[in-house]
Each structure stands twice: as C-alpha cells, then as structure tokens.
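> give the three-dimensional model of this entry:
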Amino acid sequence: MTAQTVDTSNLWDMIEDIRFGMLTVRGADGRLYARPMTTQNGEADRGGVIWFFMSRSSQPVADLSRSPDVNVSYAKPDSDCYVSVSGSARVIDDPGKARELWSPAAGAWFPGGVDDPDLALVAVLVAEAEYWDVKSNKAVQLFKLARAAMTGERPAELAEHRRVRLR
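Numbering: from 1, shown residues only. Reported below is the predicted structural model:
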C-alpha cells in the first residue's frame, strides 16, 4: 500500500479516544524500548504533532537526544482500531504550550506543576501514520474469515487500512 497525503481527521478521531500510546525509542545500546505515554493533544491539536509530557531526567528524553526517530502505537482492541505513527521527537521549550496542554492528571507525575523544572514538553513531529479500522461487527468478521478459510482466499474488506503521509 502506498502512502497518501490525505485529510488526517479520521486518524485523529481514532487517536482521541485512546489516551495512552506506546512510545518506542532507540536506546543508547541500539535496542528499541517502548513505554506507555499519555497523549496530551487537545481538540485544537489535531495537526502533525503529538504532544507528551516527560521527565527531563528520564531515560526516554536522553534517548531522544541521541536518536530522535520514534514510533507511537495506539490500540483499541474492543473496537478493532489500531494506529502506528512514525516521526521524530524533540524536547520543546515552550512554557505557553505546556500551560495550554497541562491537566490535573499531569500533576500526578509532576508535583511542581507546569513550572516543575523536571517537566519536559516533547513533540513528536509525525512523518507518516498507518491505521487499521474495522468497520464491521464481530459476526460479519467471523463470517468473512470462515468464508476465506473454506474458499482458500484471503478475507477481503475486513478493515479500512490507510497510510497517511504528513511530511
């Protein structure tokens, strides 16, 4: 499947209900490490950037400074919705944006509030996203899978699958 430059609203519609993404970074040892992160984007932030708060002294922030290429994966299995985002990440020094994205939940991780010196605002600049969104119910999915097993043909049209290029 080739990537298309298209409207990203469907992508954001899927992500907005999945608060936690698995952020994968490359460690100093060259291995990939994934950690759950809370997406901070609000309704006004549905463009080409995914925002996270991280500890400035954490390993992921150190890893990003060495290797900014990242992946963020989102999954909502009960709705058969899956999103994989690739891009580059960097710490952004923007107190205004941090205040805009701040929530009481973030205070659990940063007791000093939005002015906590350990708070790092991290922007993932999305280069490309790929998503799978199953539109049919479980019964229809099972029927299509059973038919495919009986005919020896791959199941067709189980999910909407798209690649979206942003950069």
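
> low-confidence stretches in the protein?
Applying pLDDT under 70 to the chain flags the ranges 1-8, 135-162, 167.

> where exactly do the strands run in it?
20-26, 32-38, 49-55, 69-76, 81-92, 119-133, 160-165 (DSSP state E).

> make TSV from those and add mean neighbour count to it.
The C-beta positions use only the backbone N, C-alpha and C, and glycine is treated the same way. Formatted as TSV, the strands of the chain follow (neighbours: other Cβ atoms under 10 Å):
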stretch	mean neighbour count
strand 20-26	18
strand 32-38	14
strand 49-55	20
strand 69-76	18
strand 81-92	19
strand 119-133	19
strand 160-165	15
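
> geometric centre of this structure: which residue is closest?
What sits nearest the mean C-alpha location of the chain, by Cα atoms, centre = their mean, is Val72, with 3.9 Å.

> quick check: bridge partners of that residue?
Judged by DSSP bridges, the bridge partners of Val72 are Leu23, Val85.

> pretty sure it is touching Phe20, no?
No. Contact criterion Cβ atoms under 8 Å: Val72 and Phe20 do not qualify, at 10.0 Å.

> what sits in contact with each of these two?
Both Val72 and Phe20 are contacted by Met37, under the criterion Cβ atoms under 8 Å, 6 or more residues apart in numbering.

> circling back: could I get the strands of the chain as TSV with distance to Pro104?
Below are the strands of the chain laid out as TSV (distance: least, Cβ to Cβ, whole Å):
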stretch	distance to Pro104
strand 20-26	17
strand 32-38	12
strand 49-55	13
strand 69-76	23
strand 81-92	22
strand 119-133	14
strand 160-165	32
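
> nearest to Arg99, of those strands?
Arg99 sits nearest to strand 119-133 of all these, at 10.0 Å, using Cβ to Cβ.

> quick one, what contacts the residue nearest to the centre of the chain?
Gly21, Met22, Leu23, Thr24, Met37, Ile50, Ser84, Val85, Gly87, Val124.

> out of those residues, which is nearest to Ala106?
For the contacts of Val72, the nearest to Ala106 is Met37 (11.6 Å; Cβ to Cβ).

> show me what the closest one is bridged to.
According to DSSP bridges, the partner residues bridging Met37 are Gly21.

> would you agree it is in contact with Ser55?
No. Between Met37 and Ser55 there is no contact under Cβ under 8 Å: 11.2 Å.

> would you mind saying which of the strands of the chain lies nearest Asp63?
The minimum distance between Asp63 and the strands of the chain falls on strand 20-26, with 4.4 Å, by Cβ to Cβ.

> I'd like to know which elements the closest one is packed against.
Judged by 3 or more Cβ pairs under 8 Å, 6 or more residues apart in numbering; DSSP states H and E, the packing partners of strand 20-26 are strand 32-38, helix 59-66, strand 69-76, strand 81-92.
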